[in-house]
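Chemist: only geometry, no sequence info:
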């Protein structure tokens with residue numbers, strides 16, 4: 001049977017992407033949902049984008065926009081006023097800029113087209129939500145007034161983490177945001193930056209960011225069975241680099 005598989009934040013770790021797809025034994029009829037942040041961290045951000053573009057030509061892929069993906073798009077299109085360069089470089093942007101030094105104008109244009117095609121969110125036939133970071137509107141993503149929050153927000157995950165899991169969903173105190181979708185799949189906020197950890201579920205919110213940009217691993221998960229596969233430590237796949245550490 002075909003599967004829907006969701007992949008966490010990649011952050012330039014092309015070797016890790018290749019590993020998890022191999023471990024999950026991807027089939028032609030599988031749907032792959034990538035939760036964003038394809039770039040910034042390890043040295044192969046351009047390679048990640050090339051790989052994903054090629055993959056989408058032979059596989060059903062859904063690509064969600066991450067905040068780092070927008071930062072790269074702004075840089076590639078010379079909107080430097082939108083970027084606090086010192087902060088961006090500190091959080092993985094320097095490795096990306098260095099990696100683009102030898103990338104052709106033609107390839108950069110392909111990457112711009114890809115980055116512009118990214119979705120803010122995806123809802124599947126089961127009303128499961130796939131989004132990079134979160135949303136703030138109590139009526140759901142279609143009513144979000146500030147689309148940027150879909151790839152910057154952290155409050156959804158904070159609410160999911162601190163909410164008493166025994167609380168009755170019919171309680172007037174139960175967060176309305178967590179009643180709209182049966183499951184929400186996010187990245188953006190690492191479950192851990194220093195240890196190998198599984199994807200974490202809190203109050204129907206699944207966090208797939210297992211710290212691939214730092215000292216963690218990249219994760220892919222079957223949305224139905226919750227079986228998951230992980231790469232080797234990404235820091236060991238790039239032993240001469242610092243990533244976002």
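Modeler: Perfect, thanks for sending it. In this text the structure is predicted, and so the values were computed from the model without any measurement.
Chemist: quick one: residue 233 from residue 1, how far?
Modeler: Taking Cβ to Cβ, to the nearest Å as the measure, residue 233 falls 32 Å from residue 1. To be clear about C-beta, it is placed using only N, CA and C from the backbone, and glycine gets the same treatment.
Chemist: between those two, which one's more packed in?
Modeler: In terms of neighbours (other Cβ atoms under 10 Å), residue 233 is the more surrounded of residue 233 and residue 1; the figures are 18 against 6.
Chemist: Give me the phi and psi angles of residue 19.
Modeler: With angles defined as degrees, to the nearest 10, residue 19 sits at phi -60, psi -50.
Chemist: thought it was touching residue 232?
Modeler: Yes. Under the criterion of Cβ atoms under 8 Å, residue 19 lies in contact with residue 232, with a separation of 6.6 Å.
Chemist: low-scoring stretches of this protein, by residue?
Modeler: Counting by pLDDT under 70, the chain shows no low-confidence range.
Chemist: What segments of it are strands?
Modeler: Defined through DSSP state E, the strands belonging to the chain, from first to last, are 4-7, 31-34, 60-63, 121-123, 129-131, 184-186, 200-202, 205-207, 219-222, 228-230.
Chemist: Show me what the third one is packed against.
Modeler: Secondary-structure packing of strand 60-63 (3 or more Cβ pairs under 8 Å, 6 or more residues apart in numbering; DSSP states H and E): strand 31-34, helix 45-56.
Chemist: thinking again about what came up before, okay if I get the strands of the chain as JSON lines plus mean neighbour count and distance to residue 52?
Modeler: Shown next, in JSON lines, are the strands of the chain (neighbours: other Cβ atoms under 10 Å; distance: least, Cβ to Cβ, whole Å):
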{"stretch": "strand 4-7", "mean neighbour count": "24", "distance to residue 52": "10"}
{"stretch": "strand 31-34", "mean neighbour count": "22", "distance to residue 52": "7"}
{"stretch": "strand 60-63", "mean neighbour count": "18", "distance to residue 52": "7"}
{"stretch": "strand 121-123", "mean neighbour count": "17", "distance to residue 52": "15"}
{"stretch": "strand 129-131", "mean neighbour count": "25", "distance to residue 52": "16"}
{"stretch": "strand 184-186", "mean neighbour count": "27", "distance to residue 52": "18"}
{"stretch": "strand 200-202", "mean neighbour count": "16", "distance to residue 52": "25"}
{"stretch": "strand 205-207", "mean neighbour count": "23", "distance to residue 52": "21"}
{"stretch": "strand 219-222", "mean neighbour count": "24", "distance to residue 52": "13"}
{"stretch": "strand 228-230", "mean neighbour count": "20", "distance to residue 52": "18"}
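Chemist: Which one, of those strands, ends up nearest to residue 111?
Modeler: Nearest of the strands of the chain to residue 111, taken as Cβ to Cβ: strand 60-63 at 12.3 Å.
Chemist: Distance from the chain centre to that closest one, please.
Modeler: Strand 60-63 sits 12 Å away from the centroid of its parent chain (Cα atoms, centre = their mean, to the nearest Å).
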